[in-house]
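In: the sequence and its predicted three-dimensional model are supplied below.
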Amino acid sequence: MKKFFGIFLTAVMLVAVLSACGGKNDGNSGGQASGSPAAGGDSGAKKKFAIIYKNTGNPYGEKEMEGYKNAIEELGYEAILKAPDQPTAEAQITMIDELISQKVNALAIVGNDPDALQPALEKAMNAGIKVLSLDSAVNAESRMLHINQADPERIGRTLVQGIVEMIGGSGEIAILSATSQATNQNLWIDWMKKELEDPKYADVKLVKVAYGDDLRDKSVSETEALLKSYPNLKGIISPTTVGVAAAGKVLTDKGLKGKVQLTGLGLPSEMAEYIQSGICQWMYLWNPLDVGYLSGYAADALVNGTITGAVGDKFTAGKLGEKEIIADGDGTQVMLGDPFKFDASNIAEWKDVY
Ligand code: RAM
């Protein structure tokens with residue numbers, strides 16, 4: 001009886017904790033940005049533009065959603081910002097279904113899987129919702145347009161060139177990625193592997209691609225595991241802001257400055273201390289606020305019919321100016337620009353911006 005009561009009490013506490021977490025997420029990045037949509041219809045109401053990020057707790061994702069919200073509010077509409085607790089396709093499908101019931105006008109998604117969201121996103125498009133992806137693409141059938149932060153080939157090749165320069169041209173390197181299903185990271189990693197095929201990298205060995213799932217703790221433990229399994233490791237490339245910051249912390253805590261080099265795609269606000277200390281000599285990123293902002297204007301152009309998502313379509317993306325849709329494999333995309341290099345000479349000016 002005592003044992004049963006103990007289990008019952010634990011279950012009650014668990015439910016309480018989980019609902020508290022849910023509440024926090026709703027108020028933070030999982031909830032509605034403004035207003036509360038009237039149930040069952042949008043006649044006469046403000047147009048609703050939703051965005052679903054990969055998962056909560058990622059400052060990069062918060063900036064991307066903030067940029068989207070800024071654009072939508074500048075246009076005079078309502079922004080709905082959502083992100084599941086865990087970076088899974090299943091959790092995003094539940095949110096897509098909710099947004100279809102809410103009859104949003106547009107849905108921008110940072111996909112946790114390239115293919116798994118297709119049935120849900122097709123259902124949304126069949127219901128008249130304009131669907132676009134940003135940052136991490138969904139496949140061409142699942143969207144009308146993708147908003148790409150920068151050229152994936154350039155990102156992948158530049159990161160390899162960077163780490164090879166830092167390690168002095170030879171030795172073992174590893175990649176610390178986000179989830180194994182993330183379209184953006186997987187594409188960048190494919191380009192890293194292509195770059196490594198060049199005979200000039202004959203003395204460089206990629207020993208492992210590890211996945212920290214864009215979760216801080218998992219990224220820390222995956223970095224520790226890399227260091228343990230590969231004692232001769234000379235460099236880590238982490239093409240995720242969560243991963244590169246976690247790796248920076250581990251290398252700092254273990255006193256590995258100068259012994260294990262680090263580069264990747266990092267948020268200046270999270271990486272400033274590691275760049276200033278020399279743990280990471282340089283790294284790259286684009287402005288996540290702009291990725292979100294451009295997506296907001298693209299969503300509006302789809303909703304108001306300025307564009308259909310076809311190659312050659314043009315629209316004005318607020319302060320970012322005119323943008324043109326270009327091809328992207330079987331689908332289409334808009335490119336934000338070039339990645340930016342952050343090092344000791346400029347990190348101080350950027351660390352408070354994003
Ligand atoms: C993480 C996310 C995001 C990616 C950046 C570089 O914040 O994985 O999708 O674009 O890193």
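Out: In hand now; what should we look at?

In: export stretch 160-179 as CSV, just CAs?
Out: Extracted in CSV, the C-alpha atoms of stretch 160-179 (Å, rounded to 0.1, in the frame of the first residue of the first chain):
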residue,chain,number,x,y,z
VAL,A,160,36.9,22.3,-43.3
GLN,A,161,39.4,24.8,-44.7
GLY,A,162,39.2,26.7,-41.3
ILE,A,163,39.8,23.7,-39.1
VAL,A,164,42.6,22.3,-41.3
GLU,A,165,44.4,25.7,-41.1
MET,A,166,44.0,25.7,-37.3
ILE,A,167,45.4,22.2,-36.9
GLY,A,168,48.3,22.9,-39.2
GLY,A,169,47.3,20.6,-42.1
SER,A,170,47.2,17.2,-40.5
GLY,A,171,45.6,15.1,-37.8
GLU,A,172,42.2,13.7,-36.6
ILE,A,173,39.1,15.9,-36.7
ALA,A,174,35.5,15.2,-35.7
ILE,A,175,32.2,16.9,-36.3
LEU,A,176,29.7,17.6,-33.6
SER,A,177,26.3,18.1,-35.2
ALA,A,178,22.7,18.7,-34.2
THR,A,179,20.2,15.8,-34.7
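
In: for that stretch, what is the average pLDDT?
Out: For stretch 160-179, mean pLDDT rounds to 98.

In: next one: stretch 251-266
Out: According to the model, stretch 251-266 has a mean pLDDT of 98.

In: stretch 81-98 too?
Out: 98.

In: that stretch and the ligand, any residue contact?
Out: No - Stretch 81-98 lies out of reach of the ligand by C-beta under 6 Å from any ligand atom, never closer than 8.3 Å. Every residue, glycine included, has its C-beta placed from N, CA and C.

In: in that stretch, what's buried?
Out: Buried positions in stretch 81-98, judged by neighbour count with 16 or more other C-beta atoms under 10 Å: 81-84, 86-89, 91-93, 95-96.

In: counting neighbours, what do you get for the closest residue to the ligand within the stretch 51-200 of the chain?
Out: The ligand sits closest to residue 60 of the stretch 51-200 of the chain, with a gap of 3.4 Å, by C-beta to the nearest ligand atom. Using other C-beta atoms under 10 Å, residue 60 has 24 other residues around it.

In: just the element for it, please.
Out: Taking DSSP states H and E as the criterion, residue 60 maps to helix 59-74.

In: please point out which parts of that helix sit buried.
Out: 60-72.

In: farthest pair in those residues?
Out: 60 and 72 (19.2 Å; C-beta to C-beta).

In: show me what stretch 80-93 is in contact with.
Out: 21, 25, 29-33, 37, 48-56, 61, 65, 68-69, 94-95, 99, 102, 104, 109, 111-113, 116-117, 120, 178-179, 181-182, 213-215 (C-beta atoms under 8 Å, 6 or more residues apart in numbering).
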